[in-house]
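Q: can you look at this prediction? I've put the sequence above it.
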Amino acid sequence: MSRRVTKTILKLAAEYVIVTAPILIYTSIEAVSKQQVIGLFRSPEWSIATIFLTIQTIRMYLEAMDETSGHPFSSILILVLVGITLAAGINIYIALDWIDNQSLGTIITKWALLFVASAGFVYVAGAAIYSSER
């Protein structure tokens, strides 16, 4: 693995941890205080992590396009990320009413959105970081 790739992976991991660590810390403290480990997975705060990741992905994508003086290759990407953000917001709204009694569908949707946002973050932000490493 080249030095450039290693540096990109480390920077990408640091960006991801900066975004998700506060959510992990908060949900862990909340789960421990309620003595419910399952609360760690049911917490609506994970949808907030999804929103933060999508916003960071959009920001890094647009910055990379400015720096390379290229045109954004796809407005569809931005629309998909905005759609994920809106879906995460709806998931938060639904989960807040029934934090302890969330349906399995709500929980699966929350984690699926986080997974998709994480994959998009790794792909888009990784490319942006890699292209800025010269």
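A: Received, thanks.
Q: who touches the nearest residue to Val19 once chain neighbours are set aside in this structure?
A: Spatial nearest neighbour of Val19, excluding adjacent residues (CB to CB, 6 or more residues apart in numbering): Phe52 at 4.9 Å. The way it works is simple: take the backbone N, C-alpha and C, and place the C-beta from them, glycine included. Contact analysis of Phe52 by CB atoms under 8 Å, 6 or more residues apart in numbering lists Val19, Thr20, Ile23.
Q: can you report how many residues lie near the last one?
A: What it means is Ile23. 19 (other CB atoms under 10 Å).
Q: which ones are touching the nearest residue to it once chain neighbours are set aside?
A: Closest residue in space to Ile23, ignoring its immediate chain neighbours: Ala49 at 4.3 Å, by CB to CB, 6+ apart. Counting by CB under 8 Å, 6+ apart, Ala49 touches Val19, Thr20, Ile23, Leu114, Ala117.
Q: any idea how far the helix or strand in which Ala49 is found is from the chain center?
A: Element membership of Ala49 [criterion: DSSP states H and E] is helix 45-67. Counting by CA atoms, centre = their mean, to the nearest Å, helix 45-67 is centred 8 Å from the centre of its parent chain.
Q: using PDB, write out every CA atom in that helix.
A: Only the C-alpha atoms of helix 45-67 are listed here, as PDB (Å, rounded to 0.1, in the frame of the first residue of the first chain):
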ATOM      1  CA  GLU A  45     -29.200   9.600  17.900                       C
ATOM      2  CA  TRP A  46     -27.800   7.200  15.300                       C
ATOM      3  CA  SER A  47     -30.000   9.000  12.700                       C
ATOM      4  CA  ILE A  48     -28.300  12.200  13.800                       C
ATOM      5  CA  ALA A  49     -25.000  10.500  12.900                       C
ATOM      6  CA  THR A  50     -26.500   9.700   9.500                       C
ATOM      7  CA  ILE A  51     -27.300  13.400   9.000                       C
ATOM      8  CA  PHE A  52     -23.900  14.500  10.100                       C
ATOM      9  CA  LEU A  53     -22.200  12.000   7.700                       C
ATOM     10  CA  THR A  54     -24.300  13.000   4.700                       C
ATOM     11  CA  ILE A  55     -23.600  16.700   5.400                       C
ATOM     12  CA  GLN A  56     -19.900  16.100   5.700                       C
ATOM     13  CA  THR A  57     -20.000  14.000   2.500                       C
ATOM     14  CA  ILE A  58     -21.700  16.800   0.600                       C
ATOM     15  CA  ARG A  59     -19.300  19.400   2.000                       C
ATOM     16  CA  MET A  60     -16.200  17.400   1.100                       C
ATOM     17  CA  TYR A  61     -17.600  16.600  -2.400                       C
ATOM     18  CA  LEU A  62     -18.300  20.200  -3.200                       C
ATOM     19  CA  GLU A  63     -14.900  21.300  -1.900                       C
ATOM     20  CA  ALA A  64     -13.100  18.700  -4.000                       C
ATOM     21  CA  MET A  65     -15.000  19.900  -7.100                       C
ATOM     22  CA  ASP A  66     -13.900  23.500  -6.300                       C
ATOM     23  CA  GLU A  67     -10.300  22.600  -5.800                       C
END
